[in-house]
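[1] Dropping a prediction and its sequence here:
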Amino acid sequence: MAFTSGCNHPSFALPWRTLLPYLVALHLLQPGSAQSTVVAPSLRVTANVGQDVVLRCHLSPCKDVRNSDIRWIQQRSSRLVHHYRNGVDLGQMEEYKGRTELLRDGLSDGNLDLRITAVTSSDSGSYSCAVQDGDAYAEAVVNLEVSDPFSMIILYWTVALAVIITLLVGSFVVNVFLHRKKVAQSRELKRKDAELVEKAAALERKDAELAEQAALSKQRDAMLDKHVLKLEEKTDEVENWNSVLKKDSEEMGYGFGDLKKLAAELEKHSEEMGTRDLKLERLAAKLEHQTKELEKQHSQFQRHFQNMYLSAGKQKKMVTKLEEHCEWMVRRNVKLEIPAVKVVRRNVKLEIPAVKVGQQAKESEKQKSELKERHEEMGQQAKESEKQKSELKERHEEMAEQTEAVVVETED
């Protein structure tokens, strides 16, 4: 909605809040106030890119400004957008050349309007409208906002495309991640399948090994049973041998007792023979003593015959007597020698069976020692057979436990 200002200038409809500057201007226009001010709209001027826009401001109180120095300055860069002085347009920014125009129709009424053609988004900002007339100087600020719907659309589309691209990239990344995860899972599954196949093959091998071990264990059980039977037979034989040896030892014990009795009797007989030998020795000593005495008497008789010079008859008689006595002594010695020889022979005869009995006793002792050694060897063999039997039983039990453990592992 347009309205007519005090300078006969059509302007935008302003709300009641924008009346304050005008009230201030009216206050300044009261009698006694000679300074002029520039009044600009407080609202922001809006336009789209490519449109023409008019930045409006006017001098209050209204007066002719055609011979004044008018400047429109861009506050962002502090450079001239348009410069007018005494009816002539002067230098301006390179960006605004050919795009700005000061509306001279309203200069006589104090209007300082500036038209900008084909605005761009870089034209947005604050513009200062300054008027200098001699020593008097006044300015006001006009805000311009240029919007670009196409750029907004492009922005929206850019944002949308960015979102879409982000979603696509995210979905691609997710798909790549899922694909890699699936590939990794497939590889893991293949690896697990291969491991399961290997485990199945290992289990099959273990089953075959267990079957072989079971067959071997059966064969070993059969062999163990055979060994057990053989051991039982050997133990029976050992027991039989033990019984036979016990009988032989008992019989040998009886024979040894008889031999002991015979040895005692022989010892007694030998003692008796020893006493007889002592008696015979004593008799022999007596005979020797008597022979010595007879020799002494014979020597004495010879000395007597020599000394006494006996007659021949007497001597012959004495000689005959002596010869008879000697013969008697010889016969007596012979008689004594015969029983001595008999006693010696008897001793020899008795010594022969004693030696035989001693030899038999020694042989019986040797046989008894040999029987004892054989009995001990048979006992050791029986102990060794019992040890082997116990070891075989323990080995059989260990094999049974191993087979049970392997069966439990295969079942697991």
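    Now that the structure is in, tell me what you want to look at.
[2] Show the subsequent helix or strand relative to the longest strand seen in the chain.
    The strand of greatest length in the chain, counted in residues with DSSP state E as the criterion, is given as strand 136-147. Elements were assigned by DSSP states H and E; along the chain past strand 136-147, the next helix or strand is helix 149-308.
[3] what's the offset of that following helix from the middle of its chain?
    Put simply, helix 149-308 sits 36 Å off its chain's centre (CA atoms, centre = their mean, to the nearest Å).
[4] Now it: average pLDDT?
    The predicted model assigns helix 149-308 a mean pLDDT of 81.
[5] Let me see the mean pLDDT of whichever strand or helix holds residue 405.
    Following DSSP H and E, the helix or strand that holds residue 405 is helix 312-411. Mean pLDDT, taken over the full extent of helix 312-411, equals 71.
[6] change the start of the numbering to 344 and stick with it
    Right, with 344 as the first residue, what we last looked at is helix 655-754.
[7] The longest strand of the chain pairs with which strands, parallel or anti?
    For strand 479-490, sheet partners with direction are given as strand 388-391 (parallel), strand 468-476 (antiparallel), following DSSP bridges.
[8] Got the confidence number for the nearest residue to residue 406 once chain neighbours are set aside?
    Counting by CB to CB, 6 or more residues apart in numbering, residue 406 lies nearest to residue 453, which is 5.3 Å off, once chain neighbours are set aside. C-beta: built from backbone N, CA, C; applies to glycine. In the prediction, the pLDDT value recorded for residue 453 is 87.
[9] And for residue 453, the neighbour number?
    By the other CB atoms under 10 Å criterion, the neighbourhood of residue 453 contains 25 residues.
[10] Quick check on it: phi, psi?
    phi 90, psi 10 (degrees, to the nearest 10).
[11] show me what contacts it?
    Counting by CB atoms under 8 Å, 6 or more residues apart in numbering, residue 453 touches 350, 352, 401-408.
[12] From residue 490, how far off is residue 497?
    When CB to CB, to the nearest Å is applied, the distance between residue 497 and residue 490 equals 13 Å.
[13] ok, these two, which is more surrounded?
    Legend: neighbour count by other CB under 10 Å for residue 497 and residue 490, higher for residue 490 (15 against 12).
[14] Once you drop chain neighbours, what's closest to that one?
    Among residues not flanking residue 490 along the chain, residue 391 sits closest, at 5.7 Å (CB to CB, 6+ apart).
[15] what sits against that neighbour?
    462, 489-492.
[16] What's the per-residue pLDDT of it here?
    You'll see residue 391 listed with a pLDDT of 89.
[17] Residue 345 now?
    For residue 345, the model assigns a pLDDT of 37.
[18] Cool, thanks, talk later.
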